[in-house]
Structures are given as structure tokens and as C-alpha cells.
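*Asks:* What shape does this take:
(chains A, B, C and D)
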Number of protein chains: 2
Amino acid sequence: MGRRAEALELAVLGLLHDAPMHGYELRKRVNSLLGWGRAFSYGTLYPALKEMVRRNYLAEDAPADATATQPARSGRRGKIVYKLTPEGKERFADLMAQTGPSAWDDERFGVHFAFFGRADAETRMRILLGRRNRLQERLDQFRSSLSRTRERLDAYTLELQRHGLESVEREVKWLDDLISAEQASIGTTTAQARATKPRATAGEPPADPTENEGENGR
Amino acid sequence: MGRRAEALELAVLGLLHDAPMHGYELRKRVNSLLGWGRAFSYGTLYPALKEMVRRNYLAEDAPADATATQPARSGRRGKIVYKLTPEGKERFADLMAQTGPSAWDDERFGVHFAFFGRADAETRMRILLGRRNRLQERLDQFRSSLSRTRERLDAYTLELQRHGLESVEREVKWLDDLISAEQASIGTTTAQARATKPRATAGEPPADPTENEGENGR
DNA sequence: TGCCCGATGTATCATTCCGATACATCGGAT
DNA sequence: ATCCGATGTATCGGAATGATACATCGGGCA
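*Replies:* Coordinates of the predicted model:
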């Protein structure tokens, strides 16, 4: 199926879990959900949506808007609202429950993480751990290959390498913090509304006192 | 031609500038040069190499290795060493001198930066500035879109957003530092071998929004 | 001595994916 | 009144990937 398409499928399923949407908005949401990464194009989204309808994960729905009576207007190209079917919910649950490399993959980890609120604690932990280990591994072989060829690099190339390394290191640290937070919350939670936030670092950047945190709503 | 292919072309040209190589090693070097990003596959590399040979940027060369005499062995699939032609050097210089979005693009910035040592100071500065502004812009619209929909996000999604934001902010800071370093070295250097390293973490932050080409991504 | 195996090496191809574009409607600014 | 940018659905040529095939080589080891 292709890793990327799989990530897209999960993202669509997850977003439609909250509310029905049409393609245009879906695309914006998916791409802002993953923010940083490469954006999905319509050439990927629409075929994917069709396939998902075909498999009965989604249902199309053309809402009768204000202009109620729309008779046999053939060439009419109306808005199409997609919503989740029960099969779609099931599919989402299946995909979320996966803990193999297909979950901590570069392409797919972000989507999985975004919907962690709908996964169980054990799954979360396995994915976090898997992701962390993969990055750590990559870090190690990168470092060793660097030390083998360091002498012949000019200053800019070297700086690029250093910066890349630092980024991945930071990523690992982020994951470590998240893992700690998860572990802490396992101890304190059994059948009770959890209030612990996954945020465990002492950051200040946004300077923006928000109270959000409904934990996972719906 | 495709952004990605262009990045690959520049990387190949730049690497062969130092020493001839064959495809296998070329691929390893290119991919470790960019480290973090997506790796190029052979299905991309070999066709690209052929095209570059066709355009006369590269010359193939089957070196007579230690086992000197290799007679009319027909089906022999030998190693192919690629080396830069004068046209190739020219092409490299042309690509490096570009300062449009095609230089500070997500795909291409890294390669350009890696070979900054062979670009002049003015080009370096323009690319750095362009890249910085592009990221800053992306940051702004991301922040505003976040504040518009913040209330309905669950904790994990929010954390993902926050982390993405932080990464880009850090990237901008990195660029700011590099820009400061470049500016400092402009003052002290005219027609002299520069020994200053690009790394100098005493940034004079943004200060001045110079001209920018905006070009939008998603 | 022979054999196996992982690294090196070149090459291709079906499938997947992107980027550009076409087409259409709508609300708001001038 | 009309222009224009945002919203919206859809497709297609071509670019890129991931998998695979094929081949050589050096070294470990029974």
C-alpha cells in the first residue's frame, strides 16, 4: 500500500472520528497536524478517499444545504462530506493498535502520536520505545561513520552534520521525557481520569497561559 | 526536472568535485551528507547519473585496477567511476550561484549549505537570509492557525504541535547565528583566506527583515 | 580447501506519489 | 457590477520509491 498512503489513511480516519468533513478541509487538517513534514497533495488525497469509500470505511454524504431543492441537475459538482462508518472506526482501532515498525516509522510515527489519546497506555509505551530505539540506533551509526571520515570535511559540511546530529539527539530526549511521563502516569492511574500531561520539560517559549487539557474528549 | 532530482544533481556534482567515485559510494555519501532527510534510492541515482553523462557533466571511467590486463571479456559488468568534466564544474558553479527559492527550498537548502565553502560570501548570505525568512513565515502562519483552533485539541496533539513549533524555532535560531557569523566575517575579510568557522553562538537576533521572496509551500 | 555470507556494485520496473492545472462557486472589497 | 482570493472537486503526466535481480569480492571458519 505504501507507507505514506497508510499514514494518510490513519490521519483521515482519526480526523473524521471527531467530525465529518470534506476533502479540502481534510487536507488542511492533515497537513497542519503533521506540520513540519511533507504535505499531502490532492492527487494523493482524493484517490485515497475514494479507495476508503470503496472499502466501506467512509461514507459520502451530500448535505442538502440552504438551497434545498436541487432537482435533476446533472453536471452539478457539489460538496462531498465524508463521515466514518462503523467499519471505519474498527479500521482506525486496528491501525492504532499496531506496534511494529509500521508505527514508529518516520512517516507514520507522527500520526500515531497525534491520536495517542485513543490508544491504550501499553500501546503508547511500545510505540514510544520503538521510536526512541530506532532514532538511537540511527544516531549511533551516524556518529561512527562521522568519526571515520571527520578529518576531510570542511567547516560548513561539518556544521551541517553537527546540526543534524543535534536535532536527532533532541528528538531522542523529547521521547525520553515522554516515556518518563507515561511511566509515571501508569503508577498513579488505574480506573481514574488521568490529569497528567505528557509535557514534562520545563519550557517557556509560547509564553502563553492556556488552559486546555480536557484530556481526550470523545 | 523536479526539486529532488535537482538537489541530487548538485550533491553529485559537489562530491565529485573532490574525487571521482562510483555510484554505490556516491549514494552513501549523498545520503550521509544530508543525514536526517529522506534517502535517495538507486532508482533515482542511476538514471540521474546517466542523464548527467548524457549532458556531458560527468565522464564514465572504467579504471584498470590492480589486475591489470582485462582482455575482451564481453559480459563483464565492471565498476564505473564517474568524474567531473569542465562542463560539470561550470554547471556546479551555476547551481551554487542561484539564490532564488530554488536554493532555500526544504529539499535543496541542505545541499547548498554543505557546499557553502565553494560559494561566495554574498551568495551565502542571501541563501541564509532567504531560508530564515521562509521558516519565519511558516512559523507565523502556523502560530496563528494554532491559536485559532487551540481549544479543541487534546493533550497529545497539542504536544505534537508544540514540539514541531519548537523545532522550527530552533532552526531559525541556528540560521540567525550563522547569519551573524557571516556578517562578522565580512567585516574582517576582503581578499584573504578566511579561517572563521560558521559556528558562533552569540546571535544578534532578527533585527532586520531584509527583502524576501515569499513563494509559498503548502 | 572450499564454502558461505555480508558488503560492494550496477541495473530495472511496477507502483506510488507529487505538482500543476482545470474547473466551479462564493463572500467580500472596491 | 465586478474582480479576486479562498474554498472546493478532480485528473494526469511525469518524477521518485522500494523491491528485486544479478554479479563480484574478501574474510571467517569448519
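
*Asks:* mind listing the strands for chain A?
*Replies:* Counting by DSSP state E, the segments of chain A that form strands are A:21-22, A:58-61, A:81-84.

*Asks:* Tell me which other helices or strands the second one touches.
*Replies:* Packed against strand A:58-61 by the contact rule (3 or more Cβ pairs under 8 Å, 6 or more residues apart in numbering or on different chains; DSSP states H and E) you find helix A:42-54, strand A:81-84. C-beta: built from backbone N, CA, C; applies to glycine.

*Asks:* touching DNA strand C at all, the first one?
*Replies:* Yes. Applying Cβ under 7 Å from any atom of the strand, one finds helix A:42-54 touching DNA strand C at A:42-44.

*Asks:* same for that helix, what does it pack against?
*Replies:* Where contact means 3+ Cβ pairs under 8 Å, 6+ apart, helix A:42-54 is packed against helix A:3-18, helix A:23-34, strand A:58-61.

*Asks:* 6 Å instead?
*Replies:* Using 3 or more Cβ pairs under 6 Å, 6 or more residues apart in numbering or on different chains; DSSP states H and E as the contact test, no helix or strand touches helix A:42-54.

*Asks:* got the buried residues for the helix or strand bottoming out on mean pLDDT in chain A?
*Replies:* Using mean pLDDT, DSSP states H and E, helix A:121-149 stands out as the lowest-scoring helix or strand of chain A, at a mean of 88. Residues of helix A:121-149 classed as buried: A:123-128, A:130-132, A:134-135, A:138, A:142, A:146 (neighbour count, 16 or more other Cβ atoms under 10 Å in any protein chain shown).

*Asks:* Which of the residues you listed sits closest to chain B?
*Replies:* Proximity of the buried residues of helix A:121-149 to chain B (Cβ to the nearest Cβ) peaks at A:Phe142, which lies at 6.4 Å.

*Asks:* residues of the longest helix along chain A that come out buried?
*Replies:* Secondary structure assigned by DSSP state H gives helix A:155-188 as the longest helix of chain A. Neighbour-count burial for helix A:155-188, counted by 16+ other Cβ under 10 Å, picks out A:156-161, A:163-165, A:167-168, A:171-172, A:174-175, A:178-179, A:181-182, A:185.

*Asks:* in chain A, which residue is closest to the centre?
*Replies:* Central residue of chain A (Cα atoms, centre = their mean): A:Val111, 1.3 Å from the mean position.

*Asks:* Now for it: which residues touch it?
*Replies:* A:7, A:10-11 (Cβ atoms under 6 Å, 6 or more residues apart in numbering or on different chains).

*Asks:* got a pLDDT number for it?
*Replies:* Predicted confidence (pLDDT) for A:Val111: 96.

*Asks:* re earlier: got the buried residues of helix A:121-149 as a markdown table, with distance to DNA strand D columns?
*Replies:* Listed next are the buried residues of helix A:121-149 as a markdown table, based on distance: Cβ to the nearest atom of the strand, whole Å:
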| residue | distance to DNA strand D |
| --- | --- |
| A:Thr123 | 23 |
| A:Arg124 | 25 |
| A:Met125 | 26 |
| A:Arg126 | 22 |
| A:Ile127 | 20 |
| A:Leu128 | 23 |
| A:Gly130 | 18 |
| A:Arg131 | 17 |
| A:Arg132 | 21 |
| A:Arg134 | 15 |
| A:Leu135 | 17 |
| A:Arg138 | 15 |
| A:Phe142 | 18 |
| A:Leu146 | 23 |
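
*Asks:* Could you list the contact residues of chain A toward DNA strand C?
*Replies:* When proximity is defined as Cβ under 7 Å from any atom of the strand, chain A approaches DNA strand C at A:1-5, A:38-44, A:67, A:77.

*Asks:* just the residues you listed that are near DNA strand D?
*Replies:* Restricting the residues of chain A next to DNA strand C to those near DNA strand D by Cβ under 7 Å from any atom of the strand leaves A:3, A:41-43, A:77.

*Asks:* Many thanks, I have nothing further to ask.
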